[in-house]
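Trainee: take a look and give me a structure for this.
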Amino acid sequence: MTPIRLTWLAVPVLNTLFQIFTKLGAAQLGNTGGMTWLENALTSHWILAAIAVEIICFFIWMTVLAELDLSKAFPLSGISYVLVIATGWFAFGEPIVGFQIVGSGLILAGVWLIAGARQA
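Mentor: Next comes the predicted model:
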């Protein structure tokens, strides 16, 4: 099994950060709609931070794909689901139910199994 590199873990962490910034930006903007909403979105520090994080994540993802097969690299992004649930609870006070905990465990187990799979 190939040892995990920090760049591999950066992708789900940055994806989670993107979701946090987008959530904060959306809360700031509300749902007014129209051109005013678009103008406010394009000048929101949270939305601009989300866009910057996504661009950085894209370039890190390119380096990950250069090192790993797509079939092993992409499941690593599944860690984002677990991180978003944990962050929603920690940062925003969102409730977590038992099924989310079980599902998160299954996701992590699946990522671990896929990442550890050897070529036949």
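Trainee: those helices in the protein, which residues are they?
Mentor: 6-29, 34-43, 45-67, 70-76, 79-92, 98-116 (DSSP state H).
Trainee: what sits against A73?
Mentor: W8, V64, L65, E67 (CB atoms under 8 Å, 6 or more residues apart in numbering). Every residue, glycine included, has its C-beta placed from N, CA and C.
Trainee: show me how to select, in ChimeraX, the buried members of those.
Mentor: To isolate the buried ones among the contacts of A73 in ChimeraX, judged by 16 or more other CB atoms under 10 Å, type:
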select :8,64
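Trainee: of all the contacts of A73, which two lie farthest apart?
Mentor: W8 and L65 (10.5 Å; CB to CB).
Trainee: can you list the low-confidence ranges for the protein?
Mentor: Under the criterion pLDDT under 70, the flagged ranges of the chain are 1-4, 118-120.
Trainee: residue closest to the middle of this protein?
Mentor: Closest to where the C-alpha atoms of the chain average out (CA atoms, centre = their mean) is N15, at 2.5 Å.
Trainee: and that residue, how far from T43?
Mentor: In this view, N15 and T43 are 24 Å apart by CB to CB, to the nearest Å.
Trainee: and of the contacts of A73, the nearest to V102?
Mentor: Distances from V102 to those, taken by CB to CB, are shortest for W8, at 24.9 Å.
Trainee: and that closest one, what does it touch?
Mentor: V64, E67, L68, A73, L76.
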